[in-house]
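Engineer: Here's a sequence, model it:
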Amino acid sequence: MALPDALLRYICGIVLLIASVNALKFDLTAVPQRDGKKERCIRNFVAKETLVVVTAIVSGSKGDGQVVNMRIKDTVGNEYGRPRDVAGEQRTVFTSHADAAFDVCFENILVGALKDFKPGRVNNPVRHIELDIDIGADAKDWSAIQATEKLRPVEMELRRVEEMIQEVVTEMDYLRAREQKLRDTNESTNTRVKWFGIGTTSLLVALWVWQIMYLRAYFRSKHLI
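Structural biologist: Residues are numbered from 1 along each chain as shown. Below is the predicted model:
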């Protein structure tokens, strides 16, 4: 069955958007270790059993008085890597264990002769970091796949796009299931609130009737009515 044109345009738009994403670049200022742990984290979401490649290119060199540490951990407690004293290119490959967001965190610590440096000056020591996160089809080495399976460039590109579209469809199915779960929770909450309202109203009506009957009996006993 052919997909509707609107859905095809939507899927192609997402694929093009994913393909056009560039690496994230930022500067990480070094701080003394005595100032406590100061991390900068980048968060992304990944589905379960999905291949992820995290590539970080850190400027500087080891022994220059700055130590850049990385930490990759998801929100449910799974840890995928903790590279220490990173300089140059650092690549971490892992397969996700759960449908959850994961954080790639960096910290830059002053050591050696620079450990007594006071941040806030004009020439704060910094490391420039370029971070690239590839997920799913983007994380695969398509050049190696093309050479192994002897695919033509067009076939390789079509296969890559096919896997990316499949990932989009899987993501849409996940969002649909999550929306269904949230709707069920919302309906259950509405039902509970409705019965709570009915119970509260019934109790107030019963209390009102009892109060009228009590006051009537009291006034009659005093011969006021």
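
Engineer: now the strands: where do they sit in this protein?
Structural biologist: 24-29, 31-32, 40-46, 51-58, 66-74, 79-81, 88-95, 100-110, 126-135 (DSSP state E).

Engineer: who's in contact with the last one?
Structural biologist: Taking contacts as Cβ atoms under 8 Å, 6 or more residues apart in numbering, the residues outside strand 126-135 that touch it are 23-30, 42, 44, 46, 50-60, 66, 68, 104, 106, 108. (C-beta placed from N, C-alpha, C; glycine too.)

Engineer: So which bits of that strand are buried?
Structural biologist: Neighbour-count burial for strand 126-135, with 16 or more other Cβ atoms under 10 Å as criterion, is recorded at 127, 129, 131-135.

Engineer: Which of these sits closest to V93?
Structural biologist: Taking Cβ to Cβ as the measure, D134 is the one of the buried residues of strand 126-135 closest to V93, at 9.5 Å.

Engineer: And the nearest residue to R40 once chain neighbours are set aside, how far from V68?
Structural biologist: Among residues not flanking R40 along the chain, F106 sits closest, at 5.3 Å (Cβ to Cβ, 6 or more residues apart in numbering). F106 sits 6 Å away from V68, going by Cβ to Cβ, to the nearest Å.

Engineer: which neighbours do the two share?
Structural biologist: Common neighbours of F106 and V68, counting by Cβ under 8 Å, 6+ apart, are 28, 129.

Engineer: And the lowest mean pLDDT element among the helices and strands of the chain?
Structural biologist: Least confident helix or strand, the chain: helix 5-19 with a mean of 51, by mean pLDDT, DSSP states H and E.

Engineer: Point me to the residue sitting farthest from the middle of the chain.
Structural biologist: Distance from the C-alpha centroid of the chain peaks at H223, with 74.6 Å (Cα atoms, centre = their mean).

Engineer: State which helix of the protein is the longest.
Structural biologist: Counting by DSSP state H, the longest helix found in the chain is helix 153-221.

Engineer: Between strand 40-46 and it, find me the angle.
Structural biologist: Relative orientation of helix 153-221 and strand 40-46, computed by axes from the mean of the first three to the mean of the last three Cα atoms, to 10 degrees: 90 degrees.
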